[in-house]
Each structure stands twice: as C-alpha cells, then as structure tokens.
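Visitor: My questions concern the predicted model and sequence given below.
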Amino acid sequence: MYEVSNSIARWASRSPERPAVIDELAALSYAELHERANRWAGALHEAGFHSGAGIIVLLPNRVECIEVMVALFRADVVPFFLNTNVAKHKAEDLLGLAAATEARLLITTRDVADEMAFSQAEAPFQIWTVDDLDLSRQAIGEIPPPRHGTDMVLFTSGSTGSPKGIILSKSAFDLGLQPNGEFVEPKQHLLVKPLASRGSISTACNILQEGNTVVLSRVATPDAWMKLMENHHISFVKLGPSELIGWLEHLERNGRGLPSSVRHIMSNGEPLTQALKARIGKLLPHIRVTDLYGTSEVGAITMIEQKEWALKDGSCGRPIFFVSLKIVGEQNEELPPGEIGEIWVKTRYRMKEYYQNAGATNETIQGDYVKTGDLGFLDKQGYLYLRGRKQDVIRRGEHRIFPAEVEDVLREANGVEAAVVIGRNSPEHGQEPVAYILMRDSKLLSTEGEAVLRNDILAHCEERLASYQIPAEMWFVQEIPLNAAGKADRLALAQAAAALQQKAEQS
C-alpha cells in the first residue's frame, strides 16, 4: 500500500478538494483523508502502538474504514481485518483472536462495542470506536516512513470449514496504476461488499491510486445503493453474485432501470451462473458487465466480459495479465485442455502463508503455485471453466459427480432461482447427490405443487444429465444460506439435510 499512501498524499497536495471517499452520512476530500489518516497514525504511536503491533479491525462500510486502513499502513502496524458479513462476531471470538495474536487494540464502532459488552477485566485490549475518537485535537507528529514488507491479515470466508487467517504483504495492494490527470474529473465507484474482503480492499486501493472516489453504503440494501447511484452519479459498481441477485429482483419488482451514469458493473467471488447471466442480458443490455473469479489467497484470477459470454458459454474467462494457472491431476501431473483437475495459480500477489497454520500452508503452497481447492478445466483458447470445490465432489460408485454441472442444469429449469447439490452417504452407492432448490415464486410450493414441480424438474434433468448425475432427492427451501463471501454455505445445508432426514425418519 506504499503507492496507495503516496497517491493520497500527492492528490492532497495537488487537488485537495478532490472527493476521496463518501458514504450516506459523511464525505472526505483527499486532503481530509490524508490529514485524518496521519492523525490516526499519530494517535496510535502516542498510545504506544508502534511498528509491528497487532490491531484488530471490525468496521462496517463507512468513510472511517478507509481512513483507518490508510492510517494502519502509515503507522506500520499489523492489522487483522474481520469481515462484518460474518454472522455476529462474539466477544469470546475476539478474545481468542487477541490471545492468539497478542493484539492490544480493537478498532470498531460504538454499536459493535456495546453488543460485545466487554468488561474491563476480561478485555486484554483497548477499544477505540470511530464514533467517539476525537481526532481534532490530535497532533500530527513525525511519522517514520513505513517499512516495506510489513504484513496484514485477512480471513477467508470459511467455505472449507473455519475461517483461516491469510498473511499478505501490504505491497500486494500496489498495482502501479497511473493516476488520472489533475484536471480530469474523478469517477465515483460504489463498493457493496465489506471492505474487509480482499477484493474490496484491492478495488479501493486501485480507485485511490487513480484519484477517483470510493463510495460506500452503510446499509446493505438495493434501495440504499440506488440512492447513492442517483445522488453521486456512480459510474462503476462492484458487488458479488448474491448482492447482484437482490439488486436485479429490486429492479424487476419496482420496474426501475439504472441511472444513466452507471457504465460498468463488476461481480467478484463465485462466478455468475448462466441463469443469472441471462437475467443480466435482459435487464441491463447496455451496461458493461465483468465477471471476476478469484480467491482470498491469490486475489483476482480470471475475468470475462459480457460480450464473450455467448461465445464461451459457462466460462469464467482467461487469466488476467499477471496470473498464470495450470490444471493438475490427482498425481500432481499437469493436465491437457479439456480434462478436469485442481486449479493451481501463480501470481506475485499471492498470500505469504496462513496465519499460525503451517500444516495448511504446506498443503496449499506448492513451489511457485497456490492450490485453490477449486476444480475446473481449460479449453484450447485458455478459457477456464469451473466445476466446483475439490472437497465437494460426489463419488457415486465409479463415477465422479461435479455439483456445479448438476446445479447449472437445475438453474435452467422453469422457475428455479438457485440450486445447490451436496453429497449424501449411501450404503448402496457410497454417495449420491441431493439437490436443494430455491424457487423464484414461493407460492408454487403448495403440497400438490411441490410434487408437480419435482416431477417437472426431474424430467428436465433426465433430458440433460447422465443417469448417475440425477439427484436422488430434491428439497425445496425458503432460502439458500450464504457464508461471509456470499457463496452457498454447503456445511449449513448439510446440517439442515441431516435434520430433515431425522425428522422424516421420525414421522
């Protein structure tokens, strides 16, 4: 983040009133962001938090999140960013993290601090709330230049179990982007996902390096996003598939279109489904839409533009310019185009290691490559096609079933909004696929309607899938639980499946 910090200082000097970050209640120019970040850094040093000190950050999307992020770099401390999308961080979770990291400060909001209800006796750290910290009287002392190589820690979404800490060099967020000209009007970029995620931090850093404006929403609703778009002439929006689905439903329900200022939408995280791409084409025909696939461990991996979707049906694109990847088989051999294996990625922006988890680090980092745990294949033109998580593969007898292939077919069935397929133990076959389906119109789910829908979807699957791929059971659900990254929470579904099975056996 050295280049990001320098860019902010440069804009503060050359164009001090240029807007840097905005939310519904506050706005900072580049000069204000530069000054407040320095005051934060000064306050940290004055309180005894010097180079290498561990600091826990639990902040929702608001202007203070950006100034704190910049300040923590300038103060040369080690931040541990917690994702606010995780369902209610508990006091004991933070106490455990503080014990493991020896962090002596928590930066959060007054509301979160009140919810935690720490007692002075049990909290081994100070608590600073961005609502209450008065920086106006904080002197800006001489802040030494940050050392290169200082780290930060982010946390995974927990899609393979408990969230893991990822150690990243702060330099991983310096992409060397050229700033806009001094007299070029800044573009307003709306970021929807929590700033504690790697994708959001990377995008915020890119925006600030270029001298554009980061716009954040304190409220995670389509109504709030639309108001920000209209009030601030947003040109670029970055969000995840789950947010995009909610937004499209909002537009359909209210018969609304996007403000004319919006030119580009980027979705990152789990790749967009074919059904969702079709809805985008119908509702947003004149908007540039980019689908970005990446992971917390390595950052962005591939991307594909809307104009390529029809020609490369189902692909998540080709590797971006600083990434190389290969498809690897079960014997660690590189596979040719068309064969499915694990995706290994090589990039200079990869993680250093997992925090305090040498076993997971040794398993994941293989020389210059990082194993993603995702399965897929490359075509002859180098386009990547995902087939789900390695751990989610269902082994039915001699066959391997890739849930993504079955899910794609289910989503094409009439009225299906979303579908998730997981494996269930079977004494006859070893495992068999079970589908959890969310319908677009829940009114269809009467007792008789369910039987008709199930038969229709089954017939749809029989036309498009091999017999061993057809789900052994289909359950209609009111919602698909999501993890912190906005991806389907398969562990929660598996637990729900066990409960449903137990209930069925008891009745």
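Guide: Cool, the structure landed. Note that the structure is a prediction, hence the values are computed from the model and not measured.
Visitor: Tell me where the stretch 401-507 of the chain has helices.
Guide: Under the criterion DSSP state H, counting those that start in this stretch, the stretch 401-507 of the chain contains helices at 403-411, 447-464, 490-506.
Visitor: got these as a markdown table, with distance to residue 5, mean neighbour count and mean pLDDT columns?
Guide: For every residue, glycine as well, the C-beta is placed using N, CA and C. Listed next are the helices of the stretch 401-507 of the chain as a markdown table, based on distance: least, C-beta to C-beta, whole Å; neighbours: other C-beta atoms under 10 Å; pLDDT from 0 to 100:
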| stretch | distance to residue 5 | mean neighbour count | mean pLDDT |
| --- | --- | --- | --- |
| helix 403-411 | 40 | 21 | 90 |
| helix 447-464 | 53 | 14 | 87 |
| helix 490-506 | 39 | 13 | 72 |
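Visitor: Looking at those helices, which is nearest to residue 83?
Guide: helix 490-506 (16.6 Å; C-beta to C-beta).
Visitor: Which parts of the stretch 1-150 of the chain are strands?
Guide: Secondary structure of the stretch 1-150 of the chain, counting by DSSP state E, counting those that start in this stretch: strands at 19-22, 27-29, 54-57, 78-81, 105-108, 126-129.
Visitor: CSV for these, including distance to residue 140 and mean neighbour count?
Guide: Listed next are the strands of the stretch 1-150 of the chain as CSV, based on distance: least, C-beta to C-beta, whole Å; neighbours: other C-beta atoms under 10 Å:
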stretch, distance to residue 140, mean neighbour count
strand 19-22, 18, 23
strand 27-29, 16, 19
strand 54-57, 19, 22
strand 78-81, 20, 23
strand 105-108, 19, 23
strand 126-129, 18, 17
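Visitor: For those, give me TSV that also has distance to residue 201 and mean pLDDT.
Guide: Putting those into TSV (distance: least, C-beta to C-beta, whole Å; pLDDT from 0 to 100) gives the following:
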stretch	distance to residue 201	mean pLDDT
strand 19-22	13	97
strand 27-29	17	97
strand 54-57	11	93
strand 78-81	8	93
strand 105-108	15	93
strand 126-129	20	92
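Visitor: List just the one of the ones you listed that sits closest to residue 413.
Guide: That would be strand 78-81 among these, by C-beta to C-beta, at 39.5 Å.
Visitor: what sits up against that closest one?
Guide: With contact meaning C-beta atoms under 8 Å, 6 or more residues apart in numbering, strand 78-81 is reached by 52-57, 69, 72, 97, 101, 103, 150-155, 165, 195-196, 201.
Visitor: thinking again about what came up before, ok, which of the strands of the stretch 1-150 of the chain comes nearest residue 474?
Guide: strand 78-81 (39.1 Å).
Visitor: Help me confirm that residue 5 comes into contact with residue 72.
Guide: No - when contacts are counted by C-beta atoms under 8 Å, residue 5 is not listed as touching residue 72 (10.6 Å).
Visitor: Please say which of these two ends up with more neighbours.
Guide: Taking neighbours as other C-beta atoms under 10 Å, residue 5 and residue 72 compare with residue 72 leading, 27 against 22.
Visitor: got the contact list for the more buried one?
Guide: Per C-beta under 8 Å, 6+ apart, neighbours of residue 72: 40, 41, 44, 55, 57, 79, 152.
Visitor: Kindly recompute the last result at 7 Å.
Guide: Residue 72 makes contact with 55, 79, according to C-beta atoms under 7 Å, 6 or more residues apart in numbering.
Visitor: per-residue pLDDT, it?
Guide: With respect to pLDDT, residue 72 scores 93.
Visitor: Show me where the protein dips below the pLDDT cut-off.
Guide: Along the chain, segments meeting pLDDT under 70 span 85-89, 118-122, 141-149, 157-163, 176-183, 444, 446-448, 484-486, 497-498, 500-507.
Visitor: can you redo the helices of the stretch 401-507 of the chain as a markdown table with distance to residue 135?
Guide: As requested, those are exported to a markdown table (distance: least, C-beta to C-beta, whole Å):
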| stretch | distance to residue 135 |
| --- | --- |
| helix 403-411 | 48 |
| helix 447-464 | 58 |
| helix 490-506 | 41 |
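Visitor: which one of those helices lies closest to residue 421?
Guide: Going by C-beta to C-beta, the one of the helices of the stretch 401-507 of the chain nearest residue 421 is helix 403-411, 4.1 Å.
Visitor: Check which helix or strand residue 252 maps to.
Guide: Residue 252 belongs to helix 241-254 when assigned by DSSP states H and E.
Visitor: residues of that helix that come out buried?
Guide: Across helix 241-254, burial judged by 16 or more other C-beta atoms under 10 Å covers 241, 242, 243, 244, 245, 247, 248, 251.
Visitor: and it, how far out from the chain's middle?
Guide: Centre-to-centre, helix 241-254 and its host chain are 18 Å apart (C-alpha atoms, centre = their mean, to the nearest Å).
Visitor: do the same with stretch 390-408
Guide: 24 Å.
Visitor: Straight-line length of that stretch, end to end?
Guide: 17 Å (C-alpha to C-alpha, to the nearest Å).
Visitor: before we move on, back to that, filter the contacts of strand 78-81 down to just the buried residues.
Guide: 53-57, 69, 72, 97, 101, 103, 150-155, 165, 195-196, 201.
Visitor: from memory residue 328 sits against residue 342, does it?
Guide: Yes - using C-beta atoms under 7 Å, residue 328 is in contact with residue 342, at 5.1 Å.
Visitor: Next up, the contacts around the spatially closest residue to residue 387 that is not a sequence neighbour.
Guide: Nearest residue to residue 387 in three dimensions, chain neighbours excluded: residue 402, at 4.0 Å (C-beta to C-beta, 6 or more residues apart in numbering). Residue 402 makes contact with 375, 387, 388, 393, according to C-beta under 7 Å, 6+ apart.
Visitor: what about 8 Å?
Guide: Contacts of residue 402 (C-beta under 8 Å, 6+ apart): 340, 375, 387, 388, 393.
Visitor: Can you classify the second one as helix, strand or coil?
Guide: On the three-state scheme (DSSP: H, G, I helix; E, B strand; the rest coil), residue 375 is labelled strand.
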